[in-house]
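> curious how this folds, go ahead:
(3 chains)
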Amino acid sequence: MALLEVTGIETAYRDRLVALHEVSLGVDEGEVLAVLGPNGAGKTTLLRSIAGLLRNQPRKGAIAFAGQDVTRAGAERVARLGCGYVPQDRALFRELSVAENLEVALWRRPRREAAADLHAVFRLFPVLEERGSQQADTLSGGEQQMLALARALLRRPRLLLLDEPSLGLAPQVARAVFEVLREIAGQGTAILLVEQNAGMALGLARRALVLEAGRVVLEGSAHDLRRDDGVKRAYLGLGAPGGP
Amino acid sequence: MRDASDVIRVLGVLVCGLVLAALAPDAWLVRASLIFIYALAVLGQNLLMGYAGQLSFGQAGFLATGAYVFAHLRSMGAPFLLALALASSVAALAGVLVGLPSLRLRGAYLAVATLGFGMAVYHLLAGSDLLSGGRTGLAVPPLALPSGMSRTVGLYGIALVLLVLATLGVRNIVSSYVGRAVVAVRDADLAAASLGVDLARAKLTAFAVSSFLTGASGALLAQFLGHLEPQGFTMTESVTLVVAVVVGGLASIPGSLLGAVFVVLVPTLGSGTSWFVPVTYGLGLLLVLSFQPEGLAGLLRGLRNVLRDGSSR
Amino acid sequence: MSALSDYVAAGLASGSLYALVALGLVLLHRTTGVLHFGYGEVGALGTFVAFRAMQSGWPLLVAAGIGTSASVAVAVGFYLLVLHPAIRRGARPATLFILTLGLAQVLQGVIVRCFGAEPERFPLPLADAPALRAGPIVLHPITLAILATLLFSCLGLFLLLERSRLGLALRATALNLEAAEALGLPTRALLALAWGLSAVLAVPSGILLAATLLLDPFFMFEPMLKGFAAAILGGLGSLPGAVVGGLLLGLTEGVVGATLGLPFRNSLGFVVIVAVLLLRPQGLLGQPGKERA
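You can find the predicted model right below:
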C-alpha cells in the first residue's frame, strides 16, 4: 500500500474557485514523485491540502497517509504522522537563530537523541553548524532553503512535501540543494516534489505527473516524461520548431 | 439627493417623524431624540471603523470636544446653528490631529493611541475647572424655540433633520470616489497606494468627517442634556460607540442606526442594574464578531431575504 | 528634599505595578500577537475571588491561589472558546482586539453582579506593617512586596521564555503559526498556556494594586491602561522593555505629579502612549516591526 494515497480530491477557494479537480496520486515508501506544471496550476494548493493547511479542504475526495485518513486533518496531525512540509517561502522563524530554528523541530525529542539527530543533519548541511547563532533571516537564499530542509528532516519524516525548493536560487546553489535531496531520498525518505525546474525534478524523481489548471494531464515515469514532446516543449525548453 | 426615490424616502422619513412627534408621548420622543443623537456619532464612528478600517477607541474625546465647545459658545451667546457648526468644525480639526498617528499605525495600536487621546481629553476636562465648569458642571442655555413648541419636540425635530442630512451625506461620501478610495485603503493599504490613491488624504478625510459628525453629536447631546460633566465622556462612552458600530453592523448605514437603537435601548432593559449593560454589550461584541460579522444589519437583511423569497441569501 | 524622595518611592512602587501589568501584556503580545484589552478585568476577577476567599477565612496565599485559578480558567476558556476559533477563521488582529474588549465588558458586568459595586479595602496582611527606613528613603512593606513580585516574575518569565524548550516553542508559535503547526507543535495548547500564564501574572498585580488602592469593580482599568502605556514605552515585543517602561512611567509620573499637579500626572500615561506610537513605535527597547502601516 502506498505511503501517501490521494484519491480524486477537489478543493475550492472560497467555495467558488475550484483549484483542484479530481486529482489522484500515490507516493510509495522511499519514492520520489515530481509534480510539474505552469504557474497557477494548483501545485501549491495540492501540497497544502495534503499538509493539512487548508481549512475544510479538500471538498471532495480522500487523502490517506501511512494508512490513516487525513483528508481534513489539521497540519499538526499530519506532521505528527510523519509528513513534513517545506513551503515556497521556507516558513522559517525569522527572528530566531539558526540553532533555535532547528531546536524547535526537536520538540519532545529526548536530549541524547536530539544531539544525534542534529549531528546527522549537520553532516548533510555543514553550513548550518557554522551559522548556528546567526538570525535566520540574515542567511542567503540557499542557506535558508537548507535550514528549512534540515528543520523538516529533524522531525524524522517518512514523506517530505517540498514546494519549489529551487525557487530563487542560483543554478549551482539549486544543484547543491538537489544533491542533498538525492541523499535524503537515498536514505529512504519519500519526497513529493513540486518544481518549476522540470529538468532537475525529472533528474531526481522516479515518477512524475503534470498538473495543468487543477487537473492531472500527464503521468508516468520520469524517464518517459523526459522524452514526451509536450513536456519537452512546455517545461524543458526543448523542441521549439526550428530551434536547437 | 440622487434621484426621485431618494426624495420620496427622505420625505417619508420626515413625515413619519412628524406624525410620531404629534402622537407619541414625550417619553418616546425623548428616547427617539437620544437615538438620533447617538446615531450621528455612530455614523461617524462607522465611517471611520467600518468603511475606512481605522480603529478608534477614543471617540468620547470628540464627543466631549463638540459638547464643550458648543456649551461654551452658547454660554457666550452664540446662536444654536453657529455654535453647532463651530463645535463640529473644532472636533473635525481635532480629528485630523488624532488622525495623523493613523498614517503610521494600524489596527490595535491605533486603537490604543486613540484611546490615549480620549482619556487625555477626559483628564484635561476633569482637571480643569475653567473648561469643565467645576463641581457644578457646565450648564447649557436652553434653545430659543418658536412659541408653543416644547423643548422635547424641538430637540427631536432638530435631531431628526440633522440625522437625515448626515445619513444622506455619509451615503454620498461612501459611494463617491473619495469614499471608495477610503474603502480601498481599508481593504488593502499597499494595493491602494500602488493604484495612486493618496493614502494620507483618504485617511485624514475619514477622520475629519467622522469627528465632525461625532462633534455634532456631542453638541446636540449637550443641548439635550442641558448640563455637562466630564464623567459623561469617559472610556465608557467610547466603548459604547464601538459596541454600537460593531453590533449594528460595520460599514453599513442602516447598521449605524440599528446600533444606536441597541445602545440606547439596552440600558433601559436592565431595570437599573449596573451589570446588565456591560454584560450585554460584551456578549453583543463576542457574538457578532464570532457568528454574524454583519451585525444587526446583516440579521435584518437575512430576515428580509427570507420573507421576500424564502432563502436567506 | 524628603518630598521628592517620597515621590520617588511612590513612583517606584506604582512603576513596579505598571511593570507587572506590562509584563503580562507583553507576554501575551509576544506569544499570541494579541493586545488584550480584557487583561485588567481578568486580573480583577481573580482579585475579587481572592478577596472573598480571604473574607471566608482562607490565608492570603491560598486565597491568592484560588483567585489565580479562577482567572486562569477564564483566560484559557476565553482563548479556547472565542479567540482560537476566530484566529482559525483568519480574523485580523483588530478583530481579536475588539473580542478582548467584549471579554472585558462581560467580566466587568460579572464582577459587579457577583461582588457588588461598593469599594472595599483589601485586607493584605502587610498593609498595616510599619514602614522601613533606609536612609532618606521610606519604603512601605507593600512596596517591597511589589518589588519582590516583580523580580520573581521577571526571573520566572526569563527562564521560561529564553531558557526552556517550552518557551522556545511559545516564541516560535508567535512568530509563525503555520510553520509551528507544520512542525507538529501543539499550537493550540501552547497558546492556551500563554494565556493561562498571563492570568497568573495578572492576579498578584491585582491583589497588590487592591492593597494600595481600594477594591472596586473598576480598579484595574486605569492601571491596565498605564500598563499598556508602559508596555508601549518599553517596546511591546520586549519583556525587559515592559519593566523599564513601567518603572520609567511610574517615576516620571511621580515627578510630574510633584511639579505640575494631578491632571497632568493622570494624563501622562496617555500622552506617553500617543507620543511613543508616533515617534518611536517600537518603544525604547523593541525592534521596529509590525506596528507601522
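> where exactly do the helices run in chain A?
A:43-51, A:75-80, A:98-105, A:111-124, A:126-130, A:141-153, A:171-186, A:198-204, A:222-227, A:229-235 (DSSP state H).
> now the longest one: buried residues?
Okay, so that is helix A:171-186. A:173, A:174, A:176, A:177, A:178, A:180, A:181, A:184, A:185 (16 or more other CB atoms under 10 Å in any protein chain shown). All C-beta atoms are positioned from the backbone trio N, CA, C, and that covers glycine.
> so how far is residue A:210 from the residue nearest to the spatial centre of chain B?
Taking CA atoms, centre = their mean, the centroid of chain B lies closest to residue B:41, which sits 1.0 Å from it. Residue B:41 is 60 Å from residue A:210, where distance means CB to CB, to the nearest Å.
> neighbouring contacts of stretch B:80-95?
Here stretch B:80-95 makes contact (CB atoms under 8 Å, 6 or more residues apart in numbering or on different chains) with B:61-62, B:65-67, B:69-70, B:73-74, B:78, B:143-144, B:207-216, B:218-220, B:223.
> again but with stretch B:11-28, I slipped
So stretch B:11-28 is contacted by B:29, B:32, B:150, B:152, B:153, B:156, B:157, B:160, B:161, B:164 (CB under 8 Å, 6+ apart).
> restrict the buried residues of helix A:171-186 to those near chain B?
Among those, not one lies near chain B by CB under 8 Å from any CB of the partner chain.
> circling back: can you select the buried ones from the contacts of stretch B:80-95 in ChimeraX?
Buried members of the contacts of stretch B:80-95, defined by 16+ other CB under 10 Å, are picked up in ChimeraX with:
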select /B:61,62,65,66,67,69,70,73,74,78,143,207,208,209,210,211,212,213,214,215,216,218,219,220,223
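> mind listing which of the contacts of stretch B:80-95 are in helices?
Those of these lying in helices (DSSP H): B:61-62, B:65-67, B:69-70, B:73-74, B:207-216, B:218-220, B:223.
> max pairwise distance over the buried residues of helix A:171-186: which two?
Spatially, the most separated pair among those is A:173 and A:185, at 18.9 Å (CB to CB).
> how many neighbours does residue A:161 have?
By the measure other CB atoms under 10 Å in any protein chain shown, the count of residues near residue A:161 is 26.
> would stretch A:112-132 count as contacting chain C?
No - using CB under 8 Å from any CB, we find that stretch A:112-132 stays clear of chain C, coming within 9.5 Å at best.
> ok, the residue of chain B found nearest chain C - contacts?
With CB to the nearest CB as the measure, residue B:127 is the residue of chain B nearest to chain C, at 2.3 Å. By CB under 8 Å, 6+ apart, the residues touching residue B:127 are C:261, C:262, C:263, C:264, C:266, C:267.
> report pLDDT for it.
pLDDT recorded at residue B:127 is 75.
> hmm, residue C:93 is touching residue C:33, no?
Yes - using CB atoms under 8 Å, residue C:93 is in contact with residue C:33, at 6.4 Å.
> what segments of the stretch 1-150 of chain C are strands?
Counting by DSSP state E, counting those that start in this stretch, residue ranges of the strands within the stretch 1-150 of chain C are C:132-134, C:137-139.
> which of the contacts of stretch B:11-28 are buried? Put it as a PyMOL command.
Buried members of the contacts of stretch B:11-28, defined by 16+ other CB under 10 Å, are picked up in PyMOL with:
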select buried, chain B and resi 29+32+152+153+156+157+160+164
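> who in chain C is up against chain A?
C:88, C:165, C:168-169, C:171-172, C:175-176, C:178-187, C:287.
> hmm, try it at 6 Å
Within chain C, the positions lying close to chain A (CB under 6 Å from any CB of the partner chain) are C:168, C:169, C:172, C:175, C:176, C:179, C:181, C:182, C:183, C:184, C:185.
> how many neighbours does the residue lying closest to residue A:69 once chain neighbours are set aside have?
Spatial nearest neighbour of residue A:69, chain neighbours left out: residue A:62 (6.6 Å); criterion: CB to CB, 6 or more residues apart in numbering or on different chains. Residue crowding around residue A:62 was assessed by other CB under 10 Å; the count is 15.
> can you name the residues that contact residue A:45?
A:11, A:19, A:20 (CB atoms under 6 Å, 6 or more residues apart in numbering or on different chains).
> give me the lowest-pLDDT entry from the residues you listed.
Minimum pLDDT across the contacts of residue A:45 falls on residue A:19, with 81.
> okay, that one and chain B: tell me how far apart.
22 Å (CB to the nearest CB, to the nearest Å).
> pull the contacting residues for that residue.
For residue A:19, counting by CB under 6 Å, 6+ apart, the contacting residues are A:11, A:13, A:42, A:45, A:214.
> buried ones among the residues you listed?
Buried among those by 16+ other CB under 10 Å: A:11, A:42, A:45, A:214.
> was I right about the second one contacting residue A:20?
Just to be clear, that refers to residue A:42. Yes - the pair residue A:42 / residue A:20 is scored as a contact, 4.9 Å apart, by CB atoms under 6 Å.
> thinking again about what came up before, and the buried residues of helix A:171-186 as CSV, adding pLDDT and distance to chain C?
Listed next are those as CSV, based on pLDDT from 0 to 100; distance: CB to the nearest CB, whole Å:
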residue, pLDDT, distance to chain C
A:173, 89, 22
A:174, 90, 22
A:176, 89, 23
A:177, 91, 19
A:178, 92, 22
A:180, 91, 19
A:181, 92, 18
A:184, 91, 17
A:185, 92, 20
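> mind listing what the most centrally placed residue in chain A touches?
Centroid-nearest residue in chain A: residue A:162, 1.2 Å away (criterion: CA atoms, centre = their mean). With contacts defined as CB under 6 Å, 6+ apart, the neighbours of residue A:162 are A:86, A:193.
> please report the distance of it from chain C.
For residue A:162, the distance to chain C - CB to the nearest CB - is 12 Å.
> who's that residue bridged to?
Beta-bridge pairing of residue A:162 under DSSP bridges involves residue A:86, residue A:193.
> give me every residue in chain B lying close to chain C.
Contact residues (CB under 6 Å from any CB) of chain B with chain C: B:55, B:101, B:104-109, B:111-113, B:116, B:119-120, B:123, B:127, B:274-275, B:278-279, B:281-282, B:285-286, B:289.
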